[in-house]
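Student: build the 3D model from these lines:
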Amino acid sequence: MFRFRYRKIRCVLASATLCAALCAGCGDRRLEDELAFRKIGISSLESGDYEGALAAFESALKQYAGKITATEIDICYYKVAAQSAGGDLQGALETCEAILGYDGRDGKAAYLKGCILLQTGDIQKALAAFEDAVKYEKESPEICIGIYENLSAYNLTSEGEDYLNRVFESKGDSAEKSALRGKAYYLLGEYENAVKELEAAIERESAEANLTLAQVYDAMGDTAGSAKYYQAYLASGAADSGTMYTLAAAEMEKGNYETALTYVEQGLAMEHVPNKKALLHSEVICSEQTGDFARAFRAVQEYTSLYPEDEAAKREAVFLKYRQLDAAAGEASPEGASSEGESSPAGESGTEQGAIIPAGTEQGTAQPPASTGP
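Tutor: This is a model prediction of the structure:
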């Protein structure tokens, strides 16, 4: 699915046109080198090293000289993701424009351009870019759902609903199309129609439909039905770390922090974790809420080691350092006795007073679209 969520992007094309950037390398460089740098870039992007990811993607593009293929375009999509995640929105826009300069009918690039324009606050240009995306990706109704989710995140739900209704223009009874129509009905709040479409998709072996149907039952207040289809989705093996974060966030909103932690653990244990920052943030919150301050401290230590620029997280680490010591001392002291040793420094606060580290999943941030290259 095309989504512009959880994680950003930073760097700039070496020249004003995609062709110039792609042909900057020596002609005798081999495709294997290009793919090797691409792999390094993706790994860096997933770990939150956006500058390293950008450098790797640029190196990958420099390895290639010759006819532009889907591999180079795919690398550019990832480059947009690295630029956006690193806060270089102007650079990300320039990369999108370079792709469109090469292929003016690239719907994925138009979609990414619209998502970035939303972040800059240029709503009208964003809507125009989304219109282009839909026009060029007529056979990909999932892009309409991605557009709705982005517009909704910016309180433009009514504009987004128009795109949801376009999903129904896609005819056919395939598992994928039934699942997409079911999700559109779910987002529109038409749960009865959503159930019908999603059950049909599940009969045709759509794993993703299990997740959406679980969300439908959750919205309807049917806990048993929700649990049944969540488990079916997890058992299918289709879940990724993004799904685990979504499930954890839903449980956290309901105050079910222990359950949320199980989803966080599963997400962090996966091979590819592009949203590690968000999951670690959730682990800190859930651990604090369940009173496991030692675990919260370990999580925030890992967080600050990976994202040292986050000053709020550093303050949280100081708070948790003392809070876990207080908790440990309290457990060792006789009931009613005050614990000795270090205590939380004045002015520091944790979850109780609302000082928690940022989620790292800002609205409108981007992930690259589905890979088109090897």
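
Student: where does residue 289 fall, phi/psi-wise?
Tutor: Main-chain dihedrals, residue 289, degrees, to the nearest 10: phi -70, psi -30.

Student: burial of the residue lying closest to residue 296 once chain neighbours are set aside, as a residue count?
Tutor: Distance criterion CB to CB, 6 or more residues apart in numbering; nearest residue to residue 296, sequence neighbours excluded, is residue 287 at 3.6 Å. (Each C-beta comes from the backbone N, C-alpha and C, glycine too.) For residue 287, the count of nearby residues is 24 (other CB atoms under 10 Å).

Student: what's the answer for residue 197, then?
Tutor: Residue 197: 26 neighbours (other CB under 10 Å).

Student: what do you get for the one 4 residues further on?
Tutor: One way to gauge burial is a neighbour count; for residue 201, by other CB under 10 Å, it gives 27.

Student: state whether it is indeed within a strand.
Tutor: No. Read with DSSP: H, G, I helix; E, B strand; the rest coil, residue 201 is helix and lies in no strand.

Student: measure it to residue 236 for me?
Tutor: Taking CB to CB, to the nearest Å as the measure, residue 201 falls 12 Å from residue 236.

Student: equivalent analysis for residue 56, please.
Tutor: Noted for residue 56: a distance of 32 Å to residue 236, by CB to CB.

Student: could you pull out the strands in the stretch 151-300 of the chain for me?
Tutor: Per DSSP state E, counting those that start in this stretch, the stretch 151-300 of the chain carries no strands over any range.

Student: what bits of it have low per-residue confidence?
Tutor: Within the stretch 151-300 of the chain, no stretch has pLDDT under 70.

Student: all helices for it, in order.
Tutor: Using DSSP state H, counting those that start in this stretch, the helices of the stretch 151-300 of the chain run over 157-167, 175-188, 191-203, 207-219, 223-236, 241-253, 257-268, 276-289, 293-306.

Student: put together JSON lines for those helices, with distance to residue 71 on each row.
Tutor: As requested, the helices of the stretch 151-300 of the chain are exported to JSON lines (distance: least, CB to CB, whole Å):
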{"stretch": "helix 157-167", "distance to residue 71": "30"}
{"stretch": "helix 175-188", "distance to residue 71": "25"}
{"stretch": "helix 191-203", "distance to residue 71": "32"}
{"stretch": "helix 207-219", "distance to residue 71": "27"}
{"stretch": "helix 223-236", "distance to residue 71": "30"}
{"stretch": "helix 241-253", "distance to residue 71": "24"}
{"stretch": "helix 257-268", "distance to residue 71": "29"}
{"stretch": "helix 276-289", "distance to residue 71": "26"}
{"stretch": "helix 293-306", "distance to residue 71": "29"}
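
Student: out of those helices, which gets nearest to residue 325?
Tutor: Judged by CB to CB, the one of the helices of the stretch 151-300 of the chain that comes nearest to residue 325 is helix 293-306, at 8.7 Å.

Student: beyond the closest one, next helix or strand please.
Tutor: helix 311-332 (DSSP states H and E).

Student: quick check: angle from that following helix to helix 276-289?
Tutor: With axes from the mean of the first three to the mean of the last three CA atoms, to 10 degrees applied, the angle from helix 311-332 to helix 276-289 works out at 30 degrees.

Student: mean confidence score for helix 311-332?
Tutor: On average, the pLDDT along helix 311-332 is 83.

Student: before we move on, what about stretch 87-99?
Tutor: pLDDT averaged over stretch 87-99 gives 96.

Student: so what's the residue nearest to residue 296 up against?
Tutor: Contacts for residue 287 (CB atoms under 8 Å, 6 or more residues apart in numbering) come out as 261, 293, 295, 296, 299.

Student: how about TSV for those, with neighbour count and distance to residue 321 added?
Tutor: As requested, these are exported to TSV (neighbours: other CB atoms under 10 Å; distance: CB to CB, whole Å):
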residue	neighbour count	distance to residue 321
261	22	21
293	22	9
295	18	13
296	26	10
299	27	13
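
Student: tell me how far the nearest residue to residue 303 once chain neighbours are set aside lies from residue 213.
Tutor: Of all residues not flanking residue 303 in the chain, residue 280 sits nearest, at 4.5 Å (CB to CB, 6+ apart). If you measure residue 280 against residue 213 using CB to CB, the figure is 29 Å.

Student: more crowded one of residue 56 and residue 236?
Tutor: Each of residue 56 and residue 236 has its neighbours counted (other CB under 10 Å); residue 56 has more, 26 against 15.

Student: contacting residues around the more buried one?
Tutor: Contact analysis of residue 56 by CB under 8 Å, 6+ apart lists 37, 38, 40, 41, 44.

Student: most neighbours among the residues you listed, please name it.
Tutor: Within these, most neighbours by other CB under 10 Å means residue 41, with 27 neighbours.

Student: pLDDT wise, what is that residue at?
Tutor: Residue 41 carries a pLDDT value of 94.

Student: assign the closest residue to it other than its chain neighbours to helix, strand or coil.
Tutor: In space, and not counting its chain neighbours, residue 41 is closest to residue 56: 3.4 Å by CB to CB, 6+ apart. Per three-state DSSP, the secondary structure class of residue 56 is helix.
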